[in-house]
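Participant: my questions concern the predicted model and sequence given below.
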Amino acid sequence: MTLARSERHETPAQPDERVEQQQKQAFRLADLFEQAPEAAVVLRTDGRIVRVNNEFTRMFGYEAEEVLHRRIDDLIAPEALVEGAPEYADALRHGGRVEVETVRRRKDGRDARVSIVAVPVTTASGEQIANYAIYRDITEQKRAEERLRESEARFQEMADTAPVLIWMTGTDALCNYFNRPWLEFTGRSMEQEVGTGWTEGVHPEDLQGCFDCFLPAFHARKPFRMKYRLRRADGEYRWVMESGIPRYTGAGEFAGYIGSNIDITDLKRAEEERERLRQLEADLAHINRVSMMGELAASLAHEIKQPITAAITNAKACLRWLRRDAPDIAEACAAASRMVNDGTRAADILDRVRSLYTRHTTQRELVDVNDIIREMIVLLRDKADRNSISIRTELDAGLAAITADRVQLQQVLMNLMLNGLEAMTDTRGELTVTSKRTADGQLLIAVIDSGIGIAPDRTDLIFEAFFTTKPQGTGMGLSISRKIVESHGGRLWASTNPGRGATFQFTLPSGG
């Protein structure tokens, strides 16, 4: 800072005017000094204070008269830092500028982190006559920086020990960070992965899909999730589930994205295995239905033959009424109507049989359980009659329809009813099928026989796959039935009756 007179090409002012202008200028300079937003001090070359402003007294807690003519280093420099003061004074003495961040002590003994800028004040001839210093309190700034460093260190530690692969992008959508697990997974360095380097590890067939998912989400500032294959360090491509969300600064400004990847290869393989097993179960269930149809071939032939025979009889009657000398149209129409009913009855039976033969995926719909019970009784009546077994029902007419797979429930009921009939082949008993609502609102269906019964130690064993007591049995019927009931949210179990026979019961949620 140099003190020099400004040259002006103006008409010289009168002595009184010059004095007045100089006073005004001095007042303005004094006001600027006092109202400066940072602590300012004017020092003699020996470091003694000549003048301080209001911010200086506020920052350090000293009044102006307490500090005048005292050495500033003796006043606010901590003892441990006093030794560095001559170095600053020497720099100023040689016309240098001092800029340093250090610690200074307030009057109450508390330390403050400060930024100091000091310059020498010289005359036009270059003579140093004073020093001018500005102090800015950076305590909170430094604390914030320390908190940020600590936060970053905690994040780094957390990210590097996390069981997932973590990445971040900037506002340009380019990746600028990967955690240690990511780098260990890919076997690459941070320098290789940042930017678009990470895409080199994505399976070529999945790369475009990654961009198609990420970029629209990035521009819309929305979370996203996607699956793709990422090459591991050993060269194997692994399926990963990637999730990303936008991140923002404390001021609410968009800062990029942060996301994580989880290796789901084993989970995906398990899902594929579950699907394979589900398909196998569906195939076994279909085989079980076909097997049951084989057992019922004679019964089905009898059931279908009845409406066909009746239709033929009514057709002959219709022809006779029409061939009379005076055709009786009314009787012929009545006979034709009976033919239609007989044909419809035969078609209904065939539809029930065809549905049990069909290989289909699960299809839930509103069904009436009582109707399904009646359908199964129609298919099984002839088998029961040939073995002198009566079938009785106790059905709650007030049951509401439920959401279920009709064919699967048909299969369960046919399995249970066939087992009951076969258990009474040599005893000429009675098969009872009941339906009702339980106290907790569930549907309860029971199939009760008076056959040979079940040993108490086998009431659970009979539901295991491939366990059978029949010479020609597959051991799959009851196992499949239990899985079907459980898939509907219900439960299937068996118990031995007090007298003779066994009871098979299953529940279904009333909501489906």
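Facilitator: Yep, that arrived.
Participant: where does pLDDT dip in this protein?
Facilitator: Flagging of the chain using pLDDT under 70 yields the residue ranges 1-29, 84-85, 277, 280-306, 345, 348-362, 465-476, 511-512.
Participant: what's the end-to-end length of stretch 176-191?
Facilitator: Stretch 176-191 has an end-to-end distance of 9 Å (criterion: Cα to Cα, to the nearest Å).
Participant: mind listing what's buried in that stretch?
Facilitator: 177-179, 181-183, 185-186, 188 (16 or more other Cβ atoms under 10 Å). Yep, even glycine has a C-beta here, placed from its N, CA and C like the rest.
Participant: can you list contacts of that stretch?
Facilitator: For stretch 176-191, contacts defined as Cβ atoms under 8 Å, 6 or more residues apart in numbering pick out 159-160, 162-170, 193-195, 197-198, 201, 230-234, 256, 261, 263.
Participant: how far off centre is it?
Facilitator: Put simply, stretch 176-191 sits 24 Å off its chain's centre (Cα atoms, centre = their mean, to the nearest Å).
Participant: what of stretch 502-512?
Facilitator: Remark: stretch 502-512 is offset 34 Å from the chain centroid, using Cα atoms, centre = their mean.
Participant: now do stretch 197-216
Facilitator: Centroid separation for stretch 197-216 versus its chain: 21 Å, with Cα atoms, centre = their mean.
Participant: and that stretch, C-alpha only, in PDB?
Facilitator: The C-alpha atoms that make up stretch 197-216 are tabulated as PDB, following Å, rounded to 0.1, in the frame of the first residue of the first chain:
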ATOM      1  CA  GLY A 197     -14.500 -47.300 -18.300                       C
ATOM      2  CA  TRP A 198     -16.900 -49.500 -16.200                       C
ATOM      3  CA  THR A 199     -18.900 -50.300 -19.300                       C
ATOM      4  CA  GLU A 200     -16.000 -52.400 -20.600                       C
ATOM      5  CA  GLY A 201     -17.100 -55.000 -18.000                       C
ATOM      6  CA  VAL A 202     -20.700 -55.100 -19.000                       C
ATOM      7  CA  HIS A 203     -21.900 -58.000 -21.100                       C
ATOM      8  CA  PRO A 204     -22.100 -56.700 -24.800                       C
ATOM      9  CA  GLU A 205     -25.700 -57.900 -25.000                       C
ATOM     10  CA  ASP A 206     -26.700 -55.900 -21.900                       C
ATOM     11  CA  LEU A 207     -24.800 -52.700 -22.500                       C
ATOM     12  CA  GLN A 208     -27.500 -50.900 -24.600                       C
ATOM     13  CA  GLY A 209     -30.200 -51.800 -22.100                       C
ATOM     14  CA  CYS A 210     -28.100 -50.200 -19.300                       C
ATOM     15  CA  PHE A 211     -28.000 -46.900 -21.200                       C
ATOM     16  CA  ASP A 212     -31.700 -47.200 -22.100                       C
ATOM     17  CA  CYS A 213     -32.600 -47.500 -18.400                       C
ATOM     18  CA  PHE A 214     -30.100 -45.200 -16.800                       C
ATOM     19  CA  LEU A 215     -30.000 -42.100 -19.100                       C
ATOM     20  CA  PRO A 216     -33.800 -41.400 -19.100                       C
END
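Participant: what are the ranges of the helices in the stretch 201-350 of the chain?
Facilitator: For the stretch 201-350 of the chain, applying DSSP state H, counting those that start in this stretch gives helices covering 204-220, 265-295, 297-323, 329-357.
Participant: which is the succeeding secondary structure element to the helix or strand encompassing residue 181?
Facilitator: Residue 181 is located in helix 180-186, with elements delineated by DSSP states H and E. For helix 180-186, the succeeding helix or strand toward the C-terminus, using DSSP H and E, is helix 190-193.
Participant: in contact with the closest residue to residue 489 other than its chain neighbours, which residues?
Facilitator: Closest residue to residue 489 apart from its sequence neighbours, by Cβ to Cβ, 6 or more residues apart in numbering: residue 509 at 4.6 Å. Residues in contact with residue 509 (Cβ under 8 Å, 6+ apart) are 402, 442-443, 488-490.
Participant: could you redo the last one with a cut-off of 10 Å?
Facilitator: Shown in contact with residue 509 (Cβ atoms under 10 Å, 6 or more residues apart in numbering): 402-404, 440-443, 488-490.
Participant: what do you get for residue 501?
Facilitator: Counting by Cβ under 10 Å, 6+ apart, residue 501 has contacts 420, 423-424, 427, 429-432, 448-454.
Participant: filter those residues down to the ones in strands?
Facilitator: Among the contacts of residue 501, the members falling in strands are 430-432, 448 (criterion: DSSP state E).
Participant: report the beta-bridge partners for residue 231.
Facilitator: Going by DSSP bridges, residue 231 is paired in beta bridges with residue 237.
Participant: let's have the buried residues of stretch 176-191 in JSON lines, adding distance to residue 205.
Facilitator: Below are those laid out as JSON lines (distance: Cβ to Cβ, whole Å):
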{"residue": "177", "distance to residue 205": "27"}
{"residue": "178", "distance to residue 205": "23"}
{"residue": "179", "distance to residue 205": "26"}
{"residue": "181", "distance to residue 205": "25"}
{"residue": "182", "distance to residue 205": "21"}
{"residue": "183", "distance to residue 205": "24"}
{"residue": "185", "distance to residue 205": "20"}
{"residue": "186", "distance to residue 205": "18"}
{"residue": "188", "distance to residue 205": "21"}
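Participant: on that earlier part again, which one (most neighbours) among the ones in strands among the contacts of residue 501?
Facilitator: Highest neighbour count within the ones in strands among the contacts of residue 501, by other Cβ atoms under 10 Å: residue 431, with 25 neighbours.
Participant: now, which of the buried residues of stretch 176-191 sits nearest residue 226?
Facilitator: Within those, the smallest distance to residue 226 is 16.3 Å, found for residue 182 (Cβ to Cβ).
Participant: going along the chain, name the strands of the stretch 51-200 of the chain.
Facilitator: 98-105, 111-123, 128-137, 165-169, 175-178 (DSSP state E, counting those that start in this stretch).
Participant: and residue 94, how many residues sit next to it?
Facilitator: Count around residue 94 with other Cβ under 10 Å applied: 9.
Participant: how close does it get to residue 116?
Facilitator: Distance check for residue 94 against residue 116: by Cβ to Cβ, to the nearest Å, it reads 17 Å.
Participant: could you identify the most distant pair in the buried residues of stretch 176-191?
Facilitator: Within the buried residues of stretch 176-191, 177 and 185 form the most distant pair, 14.8 Å apart (Cβ to Cβ).
Participant: can you list phi and psi of residue 46 for me?
Facilitator: phi -90, psi 10 (degrees, to the nearest 10).
Participant: excluding its backbone neighbours, what's nearest it?
Facilitator: residue 71 (7.5 Å).
Participant: hang on, the one you found packs against residue 47?
Facilitator: Yes: taking contacts as Cβ atoms under 10 Å, residue 71 lies within contact range of residue 47: 4.9 Å.
Participant: name the residues of stretch 483-500 that come out as buried.
Facilitator: 483-485, 488, 490, 492, 494.
Participant: and which of those is nearest to residue 383?
Facilitator: residue 494 (21.1 Å).
Participant: next structured bit after the helix or strand where the closest one lies?
Facilitator: Counting by DSSP H and E, the element that carries residue 494 is strand 491-496. Per DSSP H and E, the first helix or strand lying C-terminal to strand 491-496 is strand 502-508.
Participant: packing partners for that following strand?
Facilitator: If contacts are counted by 3 or more Cβ pairs under 10 Å, 6 or more residues apart in numbering; DSSP states H and E, strand 502-508 sits against strand 402-404, helix 406-423, strand 430-437, strand 443-448, helix 477-487, strand 491-496.
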